[in-house]
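J.: The following block contains a protein sequence and its predicted model.
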Amino acid sequence: MLAAIDFHNLLQQFVYHPKEPLLFSTGFFLFLFLGFISVLYAIRNRPNPKLAFVVLFSLYFYYKSSGIYFLLLVLSTVVDYNLANLIYNAKRQWHKQGLLVFSLLLNLGLLAYFKYTNFLFEIFCNLSKHPFDPFHIFLPVGVSFFTFQSLSYTIDIYRGQLTPVKRILDYAFFVTFFPQLVAGPIVRAKEFIPQISLPTVVTREMLGQAVFLIVAGLFKKVVISDYISTNFVDRVFDNPALYTGLENLFAVYGYALQIYCDFSGYSDMAIGIALIFGYRLCINFDSPYQSSSITEFWRRWHISLSTWLRDYLYISLGGNRKGRIRAYLNQFITMLLGGLWHGAAFRFILWGAMHGAALALDKFIKEFFKIPYTRFFKIAGVLLTFHFVCFCWIFFRADTMQIAGSVIERITMHFTPGIFPAFVTGYRNILLVMLMGYMLHFIPRKYETMAMDRIVEMPLAGKVAFVVAAIVLVIQVKSAGVQPFIYFQF
């Protein structure tokens, strides 16, 4: 039996491979997770060993995603912990302000180096008419997420809304906690740190919710997102000119579903895994395509990021305290920078600018026009918001502005609705998966709650059987290869 085990390949699983990050949706993670849980529950009543063990595992998890750059996470943890303490203990306001500025310059400067050096260098080359030869700069996975998380801790201490933790171990636990480390949700210190010192308690309700969220997230990611991505969306966006306008349009609808299922699937799994450890993370998605306005959409989409931008950028710019026009401008600037946060390219800036303009327009309309809240206007608002978001997704997904333009040109100039019957026949499986995905998304919340309650009420054996059945289903229908989560690149 032992001779059949390939120990070399097994050991290779613990070594960093750039094309093989450690994903929640892989069998190796399940193997590691079961071992991790066993050790964690054995030491759950020993606070310091428990915290140290989770921190070390989290650093290993990040090492599997970014290699030697896990040291960047260590450096960020040590520096921000000490800067936050210095800010808290500073006696003079100008001293506090100076330390905060230093923290901002350090964190945002680090982020700018990894994400925007080549972008700025390309602009310089274009303006100076020099050939662009990009620097070989590795982008650590999730650097934007843990940078924003650290900044929220420092800013809250500066604002007097938070008292710094006494031990660096507690802060390291907060920053490196692996379920949400590389793709969110962005955890606020004032919500998470108080949980660290509490005993590890997992109630029957928490376990049931965790099982439901993990299975739901795995289903969204592997069965829906990966399938329509590899079999349809990627092919169309690689060369939209080879496809009809109808195919391009459905590829846009497909990407809207893909990115939602991919990102919300990760968030669901992260929240579920944290629940198994006894920690609660904030909800990150709330059926965003059910929104009847763009403002409502951003209250439901990537909630941890949108609230972060509101609390630490929009309010810092003045919010709505300096007049109506300034509020519109602040909203636009916030979303413009939010677009830039997503990626160093003009298409991301355009994506953010369109959302910023739409938010300002929506605010203006609601302030000066009274729109009746009827079923007709609700449905019209949902359709209009969904299609506006889908239009913006074109620029988010396309690799270049030229490809984005080609997609729009094919949809508007080469739509050919007459091929719809042949289209349905040729893409039957894709359309069935998309239909299922959208139906599950638009199902009323009460049915989702009922399904979760059924899982909670199951005995432990029933929960295990449910998870095993879900794993078997995923293995049967998953696409070839494991697809990295979309937001790993941010």
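T.: Arrived safely.
J.: Isn't S264 up against L218?
T.: No: the pair S264 / L218 is not scored as a contact, 12.0 Å apart, by CB atoms under 8 Å. Placement of C-beta: from N, CA and C, glycine included.
J.: which neighbours do the two share?
T.: Here S264 and L218 have no joint contacts, going by CB atoms under 8 Å, 6 or more residues apart in numbering.
J.: tell me, what residue is most central in the protein?
T.: Nearest to the mean C-alpha position of the chain, by CA atoms, centre = their mean, lies A183 at 4.4 Å.
J.: That one is in contact with D268, isn't it?
T.: No: with contact defined as CB under 8 Å, A183 does not count as touching D268 (11.6 Å).
J.: list the helices and strands whatever helix or strand F121 lives in packs on?
T.: In the assignment (DSSP states H and E), F121 maps to helix 93-128. Under the contact definition 3 or more CB pairs under 8 Å, 6 or more residues apart in numbering; DSSP states H and E, helix 93-128 sits against helix 70-89, helix 143-158.
J.: now the shortest one against helix 93-128, angle please.
T.: It stands for helix 143-158. 150 degrees (axes from the mean of the first three to the mean of the last three CA atoms, to 10 degrees).
J.: likewise the first one?
T.: Compare the direction of helix 70-89 with that of helix 93-128 by the same axes, to 10 degrees and you get 140 degrees.
J.: Need the contact partners of helix 70-89.
T.: Residues from elsewhere that reach helix 70-89, judged by CB under 8 Å, 6+ apart: 59, 62-63, 66, 96, 99-100, 102-103, 106-107, 110, 140, 143, 146-147, 150, 153-154, 157-158, 163-165, 168, 171-172, 175-176.
J.: Domains in the chain, by residue range?
T.: 46-196, 204-489 (automatic domain parsing).
J.: Out of those domains, the one nearest T26 is which?
T.: domain 204-489 (5.5 Å; CB to CB).
J.: Give me the distance from the closest one to the chain's centre.
T.: 10 Å (CA atoms, centre = their mean, to the nearest Å).
J.: Quick check: mean pLDDT of that domain?
T.: Domain 204-489 shows a mean pLDDT of 89.
J.: same question, stretch 21-34
T.: 75.
J.: distance between the ends of that stretch?
T.: 18 Å (CA to CA, to the nearest Å).
J.: Buried ones in it, by neighbour count?
T.: Buried residues in stretch 21-34, counted by 16 or more other CB atoms under 10 Å: P21, L22, L23, F24, S25, F29, L32.
J.: Same check on stretch 165-178?
T.: For stretch 165-178, by 16+ other CB under 10 Å, it's V165, L169, D170, Y171, A172, F173, F174, V175, T176, F177, F178.
J.: so the closest residue to the second one other than its chain neighbours is in which element?
T.: So the one you mean is L169. Nearest non-adjacent residue to L169, counting by CB to CB, 6 or more residues apart in numbering: L51, 5.3 Å away. In this assignment (DSSP H and E), L51 forms part of helix 47-66.
J.: before we move on, back to that, okay if I get the buried residues of stretch 21-34 as TSV plus distance to I259 and secondary structure?
T.: As requested, the buried residues of stretch 21-34 are exported to TSV (distance: CB to CB, whole Å; DSSP: H, G, I helix; E, B strand; the rest coil):
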residue	distance to I259	secondary structure
P21	18	coil
L22	22	coil
L23	17	coil
F24	17	coil
S25	16	coil
F29	22	helix
L32	27	helix
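J.: Return the residues in contact with S292.
T.: Contacts of S292 (CB under 8 Å, 6+ apart): F377, K378, G381, V382, T385.
J.: List the residues that contact the second one.
T.: The neighbourhood of K378, defined by CB under 8 Å, 6+ apart, consists of S292.
J.: follow-up on the earlier one: filter the contacts of S292 down to the buried ones.
T.: Buried among these (16+ other CB under 10 Å): G381, V382, T385.
J.: The first one against Q290, yeah?
T.: Put plainly, it is G381. No: contact criterion CB under 8 Å: G381 and Q290 do not qualify, at 10.3 Å.
J.: Of all the domains of the chain, which one comes closest to V15?
T.: domain 46-196 (8.5 Å).
J.: In this structure N231 contacts R428, no?
T.: No: using CB under 8 Å as the test, N231 is too far from R428 to be in contact (11.6 Å).
J.: Would you show me how to pick out the buried ones of the contacts of helix 70-89 in ChimeraX?
T.: Command for ChimeraX that selects the buried part of the contacts of helix 70-89, burial taken from 16+ other CB under 10 Å:
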select :59,62,63,66,96,99,100,103,106,107,110,140,143,146,147,150,153,154,157,158,164,165,171,172,175,176
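J.: Quick one: the strands in the chain, in order.
T.: Per DSSP state E, the chain carries no strands over any range.
J.: Near K366, how many other residues are there?
T.: Per other CB atoms under 10 Å, the neighbour tally for K366 reads 12.
J.: Distance of it relative to A42?
T.: To A42, K366 is 55 Å away according to CB to CB, to the nearest Å.
J.: now swap in M335 and tell me
T.: On the measure of CB to CB, M335 and A42 end up 47 Å apart.
J.: which of those two has more neighbours?
T.: M335 (26 against 12).
J.: what's near enough to touch the residue nearest to that one when sequence neighbours are not counted?
T.: The shortest distance from M335 to any residue other than its chain neighbours is 3.2 Å, reached at G356 (CB to CB, 6+ apart). Contact analysis of G356 by CB under 8 Å, 6+ apart lists Q331, F332, I333, T334, M335, L336, G338, G339.
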